[in-house]
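1. Here is a sequence together with a model predicted from it:
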Amino acid sequence: MKKFAHLNARTLEEAVSFLGSYGGKAEIIAGGTDLLGKMKDEILPNYPEALINIKTITDLDYIEETGQGLRIGALTRLNDIAEHSGIREKYTALAQAAERTASPHIREMGTLSGNICQDIRCWYYRNPNNRFPCLRKGGGRCYAIEGDNRYHSIFGGTVEKGCYAVHPSDMAPALIALNASVKTSKRTIKSDEFFKTAVRKTTVLDRDEIVTEFEFPAPAKGSKSHFIKFAIRKSIDFPIVNCATSIINEAGKVKEARICLNGVYIKPYRAAKAEEDICGKTIDEETADAAAQTIVSEARPMKDNAYMVQIARTLVKRTILACKE
Amino acid sequence: MSEEIKEMPDNPMERDKYIPEKFNVLGKRGNKRIDGLRKASGKAVYTRDIVLPGMLYMRIYTSPYPNARIKTMDTSRAEALPGVRGVLRYDDPEVYNRRIPTLMGGEEDILAGYAYFQGQPMGAVVVADTEDIADEALQLIEIEWEKRPFYLNPKDALAPDAQLARPEWFPESNLLPLFFQPTNVFAHGDVRKGFEEADRIIEFDGSRNYHGCPDAEMISGITKWEEDCAELWLHQQHVYEHKWMMNQWFGIPMSRVKINAPYNGGMFGGWNWIDYSMVPQYISALMAKRLGKPVKWLLNRRDDFTFGSLDSMQSEFRVGFKNDGNITAVQLKSYFENLSYEPGLHFLENTKIPNIESEMYVAQVNKGPTHAIRCEQLPPSFALILVFNHVAAELEMEPTELALINDGVDGEDINSLNEFKKEHGFPVRDSLKECIEKGKEAIGWDEKYHPPGTKKLPNGKMHGIGFIWDHEWDETRGAGMAAVIIQQDGTVNVIATRSDVGVNAESTYCAVVAEELGIRYEDVLLRQQDDVHLPLMTPDGSCNLTTNSYVMKKAAKKAKRQLLELATSTIHLIERDVPPAFPGLATDELDVENSVVYVKNNPSVNKPVADVVRDVQGSFINKHPYAGTQNTTHTPVYAMAYHRQGRLGKESGRQRLCRQAHFCEVEVDTETGDVEVTRVVNVNDVGKALCPEAVEGQQYGGTYMGVGRNRSEEHIWDPATGVLLNGNLIDYKFSTFLDVGPIDTIIVETGMGLGAYGTVGIGEDVGTDTTYLLHGAIHNAIGKWVDHGPITPDKVLKALNKA
């Protein structure tokens, strides 16, 4: 690993200031479980000159239930979310997603903000020593198109460039299904508008912008949420497909639904049509399957990943069924 | 002494003739592992941990292309980087176009100017003050390449119009000469006749993708010179052989090479045979000589993904059988990648199938080398298990029944094996039957077995149950040498050169010595890291204990005889005689147990071993229990032993008598393709379990390794560039504890092993056979075959027509 400066920020303002002073050549580090791996393998053409440590900022690690909902500090570790009784009861999909992320050790280090800001896992992008200078690094093409794309997007690539790398977060679909907002050092962003694909970017965050807090609205009466992850391994694995669904039930019928897949597209894939489909219906095998079918009918799998369509369909169906009142 | 040694088998086909009626140490539970605490606490020292004063670090350039040649290379920027102490180029006069001998009688380029797989160490090395500087310097090397076509599939490599995959080594063809086999057709009987006699004939195919096993401790080594003597630190299995290689490489006498064998985080057998685990040691020695400082070479995690197992293969099967379950003919044709092992062998060694024909082709492909990684027996186990799975399903016969019908050897039935047992002193027991009975009971087979695709569970998944069988690896090959010395306080050292291979082997060696010598287990110690200048105890997988337990047994028996002679003999000095501990008694009137020498017919007359061996002269003069003066008369209780039993293991005529049986249950999610392994039952006839916990440890570890790798392990290359895509521990998917199990371990002890006390090795058995355990269980669950491993969800969904 090459040498870099390591700066402990005492306040959010100081962290932002450090970022600004390095002019885009510094990275934020919290748990470090994603960033350090990238640096060790030197997957990017440019190495950060400095890491700004925000773990030294004292007031960003908290879980607070309020009358309006739930607030979680950006540095809250995944394990604390997974084990929090209030979250498990009222924001079930969030706790389930945290519980299925990575491994016990990583959950003790990794933070919620780090999880949603993590970089893509595409094995072309991540090949050591920048072996594949792909689109996401500012290079010329996506190597997965003609390569091995068994874990790539089934819903197409970016409109403008053609990158097919999927977003790997387990927490992201739970945030979107639960209609969370992301507060940053500059603004508040709806979670389903937070993710954006560009060169070296997976979010809409500016280079000098830091996530500070997550806000979740209090669940409406009759709400249920559920998260399912499908991966090769039960621990230490990224999702092949995951899905979070949140449904407000009223009088035995779906009043409102939010369904989000991840691991299947370049960013978390909100299934708006399926949400509309299931609204006003009673949840059963048939309606859940129909909604799932609506989602996967939009799929355009690549040569190696048609199986992901079947898995996505199954996970959507099962999460809907799990939200039955 | 001599008559006791005669009780050991001179004939490598015979059973141990000297097995005690009662065991005090062996077979008991609770013997503390010598290495247990230090490994569990992280205090065990591995090669990578070693730091010597002034040591430099060496990293090797690896090829970015799967088949390419260096046209020009510029290392000037690397050489100019601060902290770089030396750069060795492939065109350096000392190494240019030079190959050196390696283990297994092979040879390898010291530093090739070409590569035949992406990631191949080649081209240049950098030696620097730190590993990071060396890495940075490697990236400053500029190379102009001649890129050549590459092949990732053996059938493509063997196509008539294929270009050469490794032209510098094989300029004629991509069809490789065979390594383990004399010809490419292995035959027994007449398959044509066998098919004519068959009531039914089936055909199917199966394959295994290239997979390997990167070390827990990434491989490394150190060379240090002191004038004309070399000292090596080795993460290696065959550490002693590096003395020979240093002799071959540098012409120095083997007596001037000292080796250190710290704990190592896995060699998995074949890594030890692959040249890239050896050649860097030569280069580090060369650079250490040039630079006058110790040089440590290291592979990083990605570099460590350079090798694969022998079952990288594609096979087509044709099987004939009668309606009563008798298999009459097996024919297979196989394509291997880079190296092969005969896939038809277990039909001969393990069954009465009279007609066998196996044809194989080995292609040079542009992937890393393959070898006996995690056991060379993978291909024959794969073939045996698939054939029995398919025949049982076709006959709608319980697979356990089919196994018992066809158990045998060399085309003959079990009676032939029983004759062998009688002739060579073994008990006549039906090992397979015993294993099957115990396994069926443990898993509840009779209640759970059902026709394929018929049992849907309340959770919506399909239940499947599977069974496989094989022989145990009774190879007992290789040689071992060790000595036993009783110290002046009655404690015992085992003096042996060994490498860190096996679960708890060093502790079990001590247990054998304790048993035979009558010393408490905790009073015996083997420090495996020391170079005691003896040739290596055989470190080969399942032969480790079978051969070496005889060595320990012999040495301990010799030492015991010496101890008793000391206990009954007067020591004659010039000034006076020193009486023995047991005056007037003969050696055969005494025995030793629990570190106490006692009179057999009156055990109340006894003395601790420590009193018998104590320095008699020191205590005599100084009245102290021990005195390290020049006048000491150290008691000469020291014995050395050697044992060799067989050349390569399964030689003609020496039969394998013990069997293993494995059972599992799976739940298949037919909507996602997920296969959950909900139960595994391992039954191993190990002959005699010298250390039951170690046996169970191999059964557990082997299951995670075997079942796990067929769930998910495979190297994945980019088809367009030949670059390995998953050379890391996230994308290369080892199964975790959560993915397999729970696991039952059942030990059967028929005493029919060829090792001391009738033991059989287990080190490779479970990890090899359970690799193929899931195929039959999945078929039982969904009624479809998934015979192309690893059995990933996409393949299951494809079999179900859902992908």
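-> Nice, thanks for sending it over.

2. Residue B:130: neighbour count?
-> By other C-beta atoms under 10 Å in any protein chain shown, the residues close to residue B:130 number 11. Glycine gets a C-beta too; all of them are placed from N, C-alpha and C.

3. Oops, could you answer that again for residue A:154 instead?
-> Residue A:154 has 26 nearby residues by other C-beta under 10 Å.

4. what residues does the stretch 51-200 of chain A put near chain B?
-> A:121, A:123-124, A:126-129, A:131-132, A:143, A:146-148, A:150 (C-beta under 8 Å from any C-beta of the partner chain).

5. Drop anything exposed from the residues you listed.
-> Among those, those scoring as buried are A:121, A:123, A:124, A:126, A:127, A:128, A:131, A:132, A:143, A:147, A:148, A:150 (criterion: 16 or more other C-beta atoms under 10 Å in any protein chain shown).

6. In those residues, find the pair that's most separated.
-> The span of those, defined through C-beta to C-beta, is set by A:128 and A:150 at 20.1 Å.

7. helices or strands next to the helix or strand harbouring residue B:561 in the packing?
-> Using DSSP states H and E, residue B:561 falls within helix B:544-568. On a contact count with 3 or more C-beta pairs under 8 Å, 6 or more residues apart in numbering or on different chains; DSSP states H and E, helix B:544-568 meets helix B:2-6, strand B:479-486, strand B:492-495, helix B:505-517, strand B:590-593, strand B:596-599, helix B:609-613, strand B:638-644.

8. now, of those, which is deepest in the fold?
-> The highest mean neighbour count among the helices and strands packed on helix B:544-568 belongs to helix B:505-517 (a mean of 26), with neighbours defined as mean count of other C-beta atoms under 10 Å in any protein chain shown.

9. ok now that helix, how far from the chain's centre?
-> Taking C-alpha atoms, centre = their mean, to the nearest Å, one finds helix B:505-517 lying 21 Å from the centre of the chain it belongs to.

10. helix or strand right after it?
-> With DSSP H and E, the next secondary element past helix B:505-517 is strand B:524-526.

11. Summarise which helices and strands that next one is packed against.
-> Short answer (3+ C-beta pairs under 8 Å, 6+ apart): strand B:524-526 packs on strand B:492-495, helix B:505-517.

12. picking that back up, so can I have CSV of the buried ones among the residues of the stretch 51-200 of chain A next to chain B showing pLDDT, distance to residue B:679 and secondary structure?
-> As requested, these are exported to CSV (pLDDT from 0 to 100; distance: C-beta to C-beta, whole Å; DSSP: H, G, I helix; E, B strand; the rest coil):
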residue, pLDDT, distance to residue B:679, secondary structure
A:121, 96, 32, coil
A:123, 97, 33, coil
A:124, 97, 39, coil
A:126, 95, 36, coil
A:127, 95, 38, coil
A:128, 92, 39, helix
A:131, 93, 42, coil
A:132, 95, 42, coil
A:143, 96, 42, coil
A:147, 97, 38, coil
A:148, 98, 33, coil
A:150, 98, 29, coil
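
13. residue in the stretch 1-150 of chain A nearest to chain B?
-> At 4.1 Å from chain B, residue A:123 is the closest residue in the stretch 1-150 of chain A, using C-beta to the nearest C-beta.

14. so where's chain B uncertain?
-> Scanning chain B for pLDDT under 70 picks out B:1-10, B:474-476, B:541-542, B:615-635, B:646-651.

15. Could you pick out the residues of it near chain A for me?
-> Residues of chain B lying near chain A (C-beta under 8 Å from any C-beta): B:64, B:132, B:136, B:139, B:302, B:669, B:671-674, B:711-712, B:716-721, B:723, B:725-728, B:730-731, B:733, B:735-736, B:738-739, B:792-794, B:797-798, B:802-803.

16. Give me the subset of the residues you listed that lies in strands.
-> Secondary structure defined by DSSP state E assigns none of the residues of chain B next to chain A to strands.

17. hmm, back to that, which of the residues of the stretch 51-200 of chain A next to chain B are the two that sit furthest away from each other?
-> Most distant of those, by C-beta to C-beta, are A:129 and A:150, 23.1 Å apart.

18. In chain A, what residue spans correspond to helices?
-> All helices of chain A, identified by DSSP state H, fall at A:12-21, A:35-41, A:78-83, A:85-90, A:92-99, A:104-109, A:112-117, A:171-177, A:272-278, A:285-296, A:306-322.

19. And the third one, what does it pack against?
-> Under the contact criterion of 3+ C-beta pairs under 8 Å, 6+ apart, the helices and strands touching helix A:78-83 comprise helix A:92-99, helix A:104-109, helix A:112-117.

20. could you redo the last one with a cut-off of 10 Å?
-> If you count contacts as 3 or more C-beta pairs under 10 Å, 6 or more residues apart in numbering or on different chains; DSSP states H and E, helix A:78-83 packs onto strand A:69-73, helix A:85-90, helix A:92-99, helix A:104-109, helix A:112-117, helix A:171-177.

21. do the same with the second one
-> Using 3+ C-beta pairs under 10 Å, 6+ apart as the contact test, the elements touching helix A:35-41 are strand A:26-29, strand A:50-53.

22. sorry, back to before: got TSV for the helices and strands packed on strand B:524-526, with distance to residue A:257 too?
-> Converted to TSV, the helices and strands packed on strand B:524-526 look like this (distance: least, C-beta to C-beta, whole Å):
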stretch	distance to residue A:257
strand B:492-495	70
helix B:505-517	60
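
23. closest to residue A:317 out of these?
-> It's helix B:505-517; of the helices and strands packed on strand B:524-526, that one is closest to residue A:317 (C-beta to C-beta) at 51.8 Å.

24. low pLDDT regions in chain A?
-> Those would be A:159, if you go by pLDDT under 70 across chain A.

25. still on that earlier bit, when you filter the residues of chain B next to chain A down to buried only, what's left?
-> Neighbour counting with 16+ other C-beta under 10 Å marks B:64, B:136, B:139, B:302, B:669, B:671-674, B:711-712, B:716-718, B:721, B:723, B:725-728, B:731, B:733, B:735, B:739, B:792-794, B:797-798, B:802-803 as buried within those.

26. Can you tell me which of those residues end up in helices?
-> Using DSSP H, the subset of those located in helices is B:136, B:711, B:712, B:793, B:794, B:797, B:798.

27. quick check, nearest of these to chain A?
-> Nearest to chain A out of those is residue B:794 (C-beta to the nearest C-beta; 3.8 Å).

28. What's the separation between the residue located most distally from the centre of chain B and residue A:77?
-> Relative to the centre of chain B, the most outlying C-alpha is that of residue B:575, 56.6 Å out, by C-alpha atoms, centre = their mean. According to C-beta to C-beta, to the nearest Å, residue B:575 stands 78 Å off from residue A:77.

29. All the helices of the stretch 251-400 of chain B, in order from the start?
-> For the stretch 251-400 of chain B, helices defined by DSSP state H, counting those that start in this stretch occupy the ranges B:279-291, B:345-350, B:378-395, B:399-406.

30. Now do the buried residues in the last one.
-> Under the neighbour-count criterion of 16+ other C-beta under 10 Å, helix B:399-406 has B:399, B:400, B:402, B:403, B:404, B:405, B:406 buried.

31. Turn the residues you listed into TSV, including distance to residue A:35.
-> Formatted as TSV, the buried residues of helix B:399-406 follow (distance: C-beta to C-beta, whole Å):
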residue	distance to residue A:35
B:399	51
B:400	53
B:402	55
B:403	53
B:404	58
B:405	60
B:406	57
